[in-house]
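Chemist: need coordinates for the below:
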Amino acid sequence: MGLLDGYDLSVNLSSEVGARRLAAAQRRLLYLRLVDGGIFDGSGILGPPLCVVFEGWDASGKGGAITRLVAPIDPRHVRVISIAAPTFDEKRHHFLSRFWPHLPGWGGMTILDRSWYGRVLVERVEGFATEEQWRRAYDEIKGFERTLTDEGMVLVKIWMHISSDEQLKRFKSRGKDPLKRWKLTPDDWRNREQRPAYELAVTEMLERTDASNAPWTVVEADNKIYARVKVLETVNAALERGLVEAGIAITESDEKLE
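Modeler: Here you go, the predicted model:
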């Protein structure tokens, strides 16, 4: 049994419980971001940069989770960056170089929809990187992330995990909905046919780049409600730890904010 087989994809939350926990988590995130930006009490003291990295299977719910993550936050206080294939000019440089401009500064928050992990996922499986390049990338990525976290960044790495059956169900649903049909591309179907190769790549990625300073959180995402709540609560917990480690006081619960 592989690493990914160890996750229970049957976990779920009811609509009522999920809505309650999601609302509470969003309220908490709003408070934490205001504190992080030095705005809540007007102190002007900036907290640590927060970067949330999303990876996952096609149709795993990254977009829906990101939507709920940014919903409570003023758009001026968060950036969402969708990472596409590198351009011709970007390919002329080291693969990590194109990500530096997107990273948040102190008091800032950035969400990356796909990331530098493309080197050991799609570039590995599709042959866009040589074997020497993607094998070398694990240590390069760990060093890059260590540089960021040593400087104080809170780095949250999320893998959205769904079963093959659930993915097929969502693909078919998208194909029938004229407002969602654009999300389904020929590449999605082709990637699905290569799922075994991607499972090997994902497993090695999780095993080799999970670290105490930048751990992976695998989100069981067959149930969208459960997945969105887990994402919000994971980000909140990480930001809380980062603020405390930076010596910035936060309330233990939202009840004290009434």
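
Chemist: so which bits of stretch 23-39 are buried?
Modeler: Using 16 or more other Cβ atoms under 10 Å as the test for burial, stretch 23-39 gives 24-26, 28-38. Bear in mind the C-beta positions are built from the backbone N, C-alpha and C, glycine included.

Chemist: can you list those residues in TSV and add pLDDT and distance to residue 217?
Modeler: TSV is the format used below for these (pLDDT from 0 to 100; distance: Cβ to Cβ, whole Å):
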residue	pLDDT	distance to residue 217
24	97	19
25	98	14
26	98	18
28	97	17
29	98	15
30	97	21
31	97	21
32	97	17
33	97	19
34	97	24
35	97	22
36	97	19
37	97	24
38	96	27
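
Chemist: so which of the residues you listed sit within helices?
Modeler: Secondary structure assignment by DSSP state H places 24-26, 28-36 of the buried residues of stretch 23-39 in helices.

Chemist: quick one: which of those residues is nearest residue 183?
Modeler: Residue 183 has its nearest neighbour among these in residue 26, at 24.2 Å by Cβ to Cβ.

Chemist: helices or strands next to the strand or helix carrying residue 187 in the packing?
Modeler: Element membership for residue 187, per DSSP states H and E: helix 186-193. Other helices and strands packing on helix 186-193, by 3 or more Cβ pairs under 8 Å, 6 or more residues apart in numbering; DSSP states H and E, are helix 164-176.

Chemist: the buried residues of stretch 23-39: which two are farthest apart?
Modeler: Once Cβ to Cβ is applied, these give 24 and 38 as the farthest pair, at 23.9 Å.

Chemist: before we move on, the earlier item: ok, residues contacting the helix holding residue 187?
Modeler: 58-59, 122, 164, 167-168, 171, 198 (Cβ atoms under 8 Å, 6 or more residues apart in numbering).

Chemist: in the helix or strand of the chain with the lowest mean pLDDT, what's buried?
Modeler: Using mean pLDDT, DSSP states H and E, helix 186-193 stands out as the lowest-scoring helix or strand of the chain, at a mean of 91. Neighbour-count burial for helix 186-193, counted by 16+ other Cβ under 10 Å, picks out 188, 191-192.

Chemist: which residues of this structure fall in strands?
Modeler: For the chain, the strands defined by DSSP state E occupy 50-56, 79-82, 109-113, 154-161, 216-220.

Chemist: just checking: what are the partner strands of the fourth one?
Modeler: By that I understand strand 154-161. strand 50-56 (parallel), strand 216-220 (parallel) (DSSP bridges).

Chemist: find the residue at the geometric middle of the chain.
Modeler: Nearest residue to the geometric centre of the chain (Cα atoms, centre = their mean): residue 54, 2.3 Å.

Chemist: OK, contacts around the closest residue to that one other than its chain neighbours?
Modeler: For residue 54, ignoring the flanking residues on the chain, the nearest one in space by Cβ to Cβ, 6 or more residues apart in numbering is residue 62 at 4.7 Å. Shown in contact with residue 62 (Cβ under 8 Å, 6+ apart): 54-56, 113, 160.

Chemist: can you check residue 97 too?
Modeler: By Cβ under 8 Å, 6+ apart, the contact set of residue 97 is residue 90.

Chemist: how about a cut-off of 10 Å?
Modeler: Under the criterion of Cβ atoms under 10 Å, 6 or more residues apart in numbering, the neighbours of residue 97 are 86, 90.

Chemist: how about residue 158?
Modeler: By Cβ under 10 Å, 6+ apart, the contact list for residue 158 reads 52-56, 62, 65-66, 69, 111, 216-219, 221, 227, 230-231, 234-235.

Chemist: low-confidence stretches in the stretch 101-250 of the chain?
Modeler: Within the stretch 101-250 of the chain, no stretch has pLDDT under 70.

Chemist: dump the contacts of residue 62 into CSV; add distance to residue 3 as well.
Modeler: Shown next, in CSV, are those (distance: Cβ to Cβ, whole Å):
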residue, distance to residue 3
54, 19
55, 15
56, 15
113, 23
160, 15
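
Chemist: much appreciated, bye for now.
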